[in-house]
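Trainee: let me see the structure of the following:
(one chain, ligands or ions: 2)
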Amino acid sequence: MTTRNMSRFWEWGRKIICVGRNYADHAKELKNAIPTEPILFLKPPSAYVREGCPIVVPLYTSNLHHEVELGVVIGKGGTAIPQSTAMEHVAGYALCLDMTARDIQDECKSKGLPWTLAKAFNTSCPISEFILKERIPDPGNVKLWLKVNDQLRQSGCTSQMIFSIPFLISYISDFITLEEGDLILTGTPKGVSSVQEHDELQAGIQDVVTMTFKVDRPDQ
Ligand SMILES: CC(=O)CC(=O)C(=O)O
Ligand SMILES: [Mg+2]
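Mentor: Numbers count the residues shown, from 1 in each chain. Ligands and ions are numbered 1, 2, ... in the order given. As a prediction, the model looks like this:
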């Protein structure tokens, strides 16, 4: 099925499609309504950051939040993909953080403006290594966790997702053609919180993968 080596998919310049409020417990903690249809937004490929490089806090935010999420890596593109064959389009997975400037997002929400500067800045998408599809046989039932300076902040299971992975692939591909190398971030469970310069973030998918990132702030 996969025609290219996916192991460095983040270098291909493909799009990152993010799903918001896909866990009811997270929607509730931010006092947001539970969606009846997926909420979508995008990050550019310049948002990617790999282990060994820092997450850089944008100068314009004073409330940068972590959101741990399961990322789905597309191996075969398509438009209007039926749910029944959606998983055939998946090459694998990645553990992802959807770094969010929460103060900027709140301001954009209150003004009815897009979330771009809250969600799509450089280093807003830290990712793990590529995880082959076979290593996560049931992506609808895996545990995700995140610690800040060794303190557990997020712990959830993809079984809590409101919209399943096949549904999301089908729904997204009705509006946005999916291409090989695209990444879908499937939303975050509860426990999002603020991070500061010098913090260490560690995250994992049960026994499959872990990753560690430092937070940095450029000089003003
Ligand atoms: C409120 C949000 O930031 C939505 C989001 O990204 C999520 O994962 O949920
Ligand atoms: Mg998110």
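Trainee: check contacts around residue 171.
Mentor: By C-beta atoms under 8 Å, 6 or more residues apart in numbering, the contact set of residue 171 is 37-38, 163. All C-beta atoms are positioned from the backbone trio N, CA, C, and that covers glycine.
Trainee: for the residue lying closest to residue 47 once chain neighbours are set aside, name its beta-bridge partners.
Mentor: Excluding its sequence neighbours, the residue lying closest to residue 47 (C-beta to C-beta, 6 or more residues apart in numbering) is residue 125, at 3.9 Å. Assessed by DSSP bridges, residue 125 has beta-bridge partners residue 48.
Trainee: residue 44: neighbouring residues, count only.
Mentor: As a burial measure, residue 44 scores 15 neighbours (other C-beta atoms under 10 Å).
Trainee: next, give phi and psi for the closest residue to it other than its chain neighbours.
Mentor: In this structure, residue 44 finds its nearest non-sequential neighbour in residue 120, 5.9 Å apart by C-beta to C-beta, 6+ apart. The phi/psi pair for residue 120 (degrees, to the nearest 10) reads phi -120, psi 10.
Trainee: and residue 120, what pLDDT?
Mentor: Listed pLDDT for residue 120 reads 98.
Trainee: now do it against residue 47, distance only.
Mentor: Computed with C-beta to C-beta, to the nearest Å, the distance linking residue 120 and residue 47 is 6 Å.
Trainee: which of these two has more neighbours?
Mentor: It is residue 47, of residue 120 and residue 47, that has more neighbours when counted by other C-beta under 10 Å, with 23 against 20.
Trainee: now do the same contact list for the more buried one.
Mentor: Counting by C-beta under 8 Å, 6+ apart, residue 47 touches 16, 120-125.
Trainee: closest one to residue 29 out of the residues you listed, please.
Mentor: Set against residue 29, the nearest of these by C-beta to C-beta is residue 124 (20.2 Å).
Trainee: bridged to the spatially most central residue of the chain, which residues?
Mentor: With distances taken as C-alpha atoms, centre = their mean, residue 185 lies nearest the centre of the chain, 3.5 Å away. Beta-bridge pairing of residue 185 under DSSP bridges involves residue 18, residue 71.
Trainee: write out the residues of this structure neighbouring ligand 1.
Mentor: Residues of the chain found near ligand 1 (C-beta under 6 Å from any ligand atom) are 18, 20-22, 26, 30, 67, 98, 100, 187-188.
Trainee: could you check the pLDDT of the residue nearest to the centre of the chain?
Mentor: Residue 185 is given a pLDDT of 98.
Trainee: for the lowest-mean-pLDDT helix or strand in the chain, name the packing helices and strands.
Mentor: Least confident helix or strand of the chain, by mean pLDDT, DSSP states H and E, is helix 24-29 with a mean of 95. With contacts defined as 3 or more C-beta pairs under 8 Å, 6 or more residues apart in numbering; DSSP states H and E, helix 24-29 has no helix or strand neighbours.
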